[in-house]
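Student: sequence below, structure please.
(one chain, ligands or ions: 1)
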Amino acid sequence: MPATTKLPAHAVPGMPRGYRLIGTEKTDGLIRYEAEYTVLPTKCKCGGAVKLFGTRKRIVGDIPRKDAKVEILLNVKRFKCQRSGQTFSQELPEIHTDHGITRRFFLHVGQGCFKRTFQEMAMESGLEDTTVRLIFHRYLKDVEAWVRIPDPLALALFSVKVFRRPATALIDAHALAIVDLVEDTTQNARTRTTDAGLAPRLERAGAAQTVGIGFDARHRELVRALLPKAVVYVDQFFVMAMADDALEQVRRATRKDLSIYLKRKLAHDAETFAKEREHLHEQEVELLEYIFGTYPGLSDAYEAREAFREAYRGKKAAEEAFGLMTAALAGLSGKTKPFFKSLQVALKTFGPEVRAFFEVEAQDFTLARVPELKKLEEWIAAVPERGHVFEAARASLLLPAGMPARSFLSRGASLARLRSNSYKAPEV
Ligand SMILES: [Zn+2]
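Tutor: Numbering: from 1, shown residues only. Just a heads-up that it's a prediction; the model follows:
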């Protein structure tokens, strides 16, 4: 029994009332409805009277049912304006005329691409791969048009890899939220869209008064060139990450030659080193004293890292803070020095930007407020998305899951939310 007998004879399943069903044709693997849209224009856009000019047949794809492809053969009426002489077709609501499919099919394919690859989606929908790709990009553009994420006053740039390809997260440093994610096009010739990449994105970030960066020369050059009014600084987060890393390297180098007995004794040294000094309890202080007495190199490294921490405490003047850092590096013993070499080079190369942090009082909006930010890449990767397409990952991060009903204001993807999401058990 054909499925259509259950439906009112005049309706095309799933379409608005105005679509009058003329006939249904079912062949192997294909359902074709012939229909017309009964609401006709009475006037031209210019206000002129219109006259029927003819009918044109048009095939529109709809969501497949089981294994059958669904098509709607539309008799589209054409009109001629009596004033301007222009001809036009009647409006067809719920039809995506650009792609020749129904709007619900358009949404189905667009949303499906978050969970399936383009190939899978093409198989499922009976469309070509390239068509699926085009629909998806159009879908994202449509969703994005409804969402407004304000440009941050305090911008921060954070390098991440998405599907192993380099990208930059644009962060609102006040709100601690990602406001955009852009692929690094200089290393990705595959991306054909000309308006992608960090440079054009920064051009649109003109509201930024300050831009926090890591030790990244390309970021610095781009910001200087494209946001000349903004103050660019190296964020505390990146300086401390390097100082912590140098200490960690010294710790590992020291550990390498220890006996098993000593390794056990020092089992929690890494955590102890990471803690704030004033939060250490008695046992930990004793442990540190023991380690430092035995391994002066490690003591050196720890004190240097502590000096960097001290530089960022309170609101020091730029020169005082920078002086603490350079003095700490100068005071290192010969054996420990090489481990801090890259930090030393970074301070030299980015001296003005490291100082600028204190000048703009970026302590108030530093990324170091989220110490776990090192895991940003993992947090982004934990956002569910299976198509492995950059645009899908970006949309999953920044855009609503479905097509919004009205435009709205978003602050972007909150880092706190991303952090808690990534701790959820993986989907089974
Ligand atoms: Zn007209």
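Student: could you give the mean pLDDT of the helix or strand containing Ser159?
Tutor: Using DSSP states H and E, Ser159 sits in strand 154-162. For strand 154-162, mean pLDDT is 96.
Student: tell me the strands beside that strand, with direction?
Tutor: Applying DSSP bridges, strand 154-162 is found paired with strand 165-172 (antiparallel), strand 210-213 (parallel).
Student: mean pLDDT for those: which is lowest?
Tutor: Across those, strand 165-172 gives the lowest mean pLDDT, at a mean of 95.
Student: who touches that strand?
Tutor: Strand 165-172 is contacted from outside by 152, 154-161, 177-184, 187-188, 198, 201, 205, 219, 367, 376, 380, 390, 411-412, 415, using CB atoms under 8 Å, 6 or more residues apart in numbering. (Glycine included, C-beta is placed from N, CA and C.)
Student: may I have stretch 76-83 exported as CSV, CA atoms only?
Tutor: Presented in CSV, the C-alpha positions along stretch 76-83 are these (Å, rounded to 0.1, in the frame of the first residue of the first chain):
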residue,chain,number,x,y,z
VAL,A,76,6.4,27.0,-11.2
LYS,A,77,4.4,29.9,-12.5
ARG,A,78,6.1,32.8,-14.2
PHE,A,79,4.8,36.4,-14.3
LYS,A,80,5.5,39.5,-16.2
CYS,A,81,5.3,42.9,-14.7
GLN,A,82,3.0,45.2,-16.6
ARG,A,83,5.0,48.3,-15.7
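Student: quick one: distance of that stretch to the chain centre.
Tutor: Relative to its chain's centre, stretch 76-83 lies at 46 Å (CA atoms, centre = their mean, to the nearest Å).
Student: of the contacts of strand 165-172, grab the buried ones for PyMOL.
Tutor: The PyMOL command for the buried members of the contacts of strand 165-172 (criterion: 16 or more other CB atoms under 10 Å) is given here:
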select buried, resi 152+154+155+156+157+158+159+160+177+178+179+180+181+182+183+184+198+201+205+219+367+376+380+390+412+415
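Student: helices - which of the contacts of strand 165-172 land there?
Tutor: Those of these mapping onto helices are Leu198, Arg201, His219, Leu376, Ile380, Phe390, Leu415, per DSSP state H.
Student: just the pLDDT for the fifth one.
Tutor: Each residue has a pLDDT score; the one for Ile380 is 89.
Student: out of the ones in helices among the contacts of strand 165-172, which is nearest to the ion?
Tutor: Distance ranking of the ones in helices among the contacts of strand 165-172 against the ion, using CB to the ion, places Arg201 first at 41.1 Å.
Student: hmm, Glu183 and the closest one touching each other?
Tutor: No. Taking CB atoms under 8 Å as the definition, Arg201 is not a contact partner of Glu183, at 10.0 Å.
Student: quick one on the thing from earlier: now cross-check the contacts of strand 165-172 against the ion and list the overlap.
Tutor: By CB under 5 Å from the ion, no member of those lies near the ion.
Student: just give me the longest helix of this protein.
Tutor: Counting residues, the longest helix found in the chain (DSSP H) is helix 236-256.
Student: how about residues contacting the helix or strand following it?
Tutor: On the C-terminal side of helix 236-256, the closest following helix or strand by DSSP H and E is helix 260-265. Here helix 260-265 makes contact (CB under 8 Å, 6+ apart) with Arg255.
Student: which of the residues in the helix or strand that helix 260-265 is followed by are buried?
Tutor: Remark: after helix 260-265, the chain's next helix or strand is helix 269-274, criterion DSSP H and E. Buried residues in helix 269-274, counting neighbours by 16+ other CB under 10 Å, are found at Asp269, Thr272, Phe273.
Student: format these as a markdown table; extra columns: pLDDT and distance to the ion.
Tutor: Converted to a markdown table, these look like this (pLDDT from 0 to 100; distance: CB to the ion, whole Å):
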| residue | pLDDT | distance to the ion |
| --- | --- | --- |
| Asp269 | 86 | 81 |
| Thr272 | 89 | 80 |
| Phe273 | 90 | 77 |
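Student: ok, so of the residues you listed, who is nearest Pro93?
Tutor: Of all the buried residues of helix 269-274, Pro93 sits closest to Phe273, with 65.1 Å by CB to CB.
Student: ok, that closest one touching Ala246?
Tutor: No. Using CB under 8 Å, Phe273 is not in contact with Ala246; the gap is 11.5 Å.
Student: overlap of the contact sets of those two?
Tutor: Common contacts of Phe273 and Ala246 (CB under 8 Å, 6+ apart): Arg305.
Student: before we move on, the earlier item: now the longest helix of the chain: mean pLDDT?
Tutor: Mean predicted lDDT for helix 236-256 stands at 94.
Student: which residues touch that helix?
Tutor: Against helix 236-256 from outside (CB under 8 Å, 6+ apart): 213-215, 263, 266, 269-270, 273-274, 295, 297-298, 300-302, 304-305, 308-309, 312, 325, 336, 339-340, 342-343, 346-347, 354, 357, 362-363, 366-368, 370-371, 373-374.
Student: now do 7 Å
Tutor: Residues from elsewhere that reach helix 236-256 (CB atoms under 7 Å, 6 or more residues apart in numbering): 214-215, 263, 269-270, 273, 295, 297-298, 301-302, 305, 308, 312, 336, 339-340, 342-343, 346, 354, 357, 366-368, 373-374.
Student: ok, the residue nearest to Thr102 when sequence neighbours are not counted to Ala330 distance?
Tutor: Nearest residue to Thr102 in three dimensions, chain neighbours excluded: Asp62, at 4.7 Å (CB to CB, 6 or more residues apart in numbering). Distance, Asp62 to Ala330, by CB to CB, to the nearest Å: 73 Å.
Student: give me the more crowded residue out of those two.
Tutor: Asp62 (23 against 10; other CB atoms under 10 Å).
Student: in the helix or strand hosting Val143, what counts as buried?
Tutor: Taking DSSP H and E as the criterion, Val143 maps to helix 129-146. Neighbour-count burial for helix 129-146, counted by 16+ other CB under 10 Å, picks out Thr131, Val132, Arg133, Ile135, Phe136, Arg138, Tyr139, Leu140, Val143.
Student: let me see the contact set for the residue lying closest to the fourth one once chain neighbours are set aside.
Tutor: Yep, that's Ile135 we're talking about. Leaving out its chain neighbours, the residue that sits closest to Ile135 by CB to CB, 6+ apart is Val109, at 4.8 Å. The contact partners of Val109, taken as CB under 7 Å, 6+ apart, are Met121, Ser125, Leu127, Val132, Ile135.
Student: please identify the helix or strand for Val109.
Tutor: helix 103-112.
Student: quick one: mean pLDDT over that helix.
Tutor: Across helix 103-112, the average pLDDT comes to 95.
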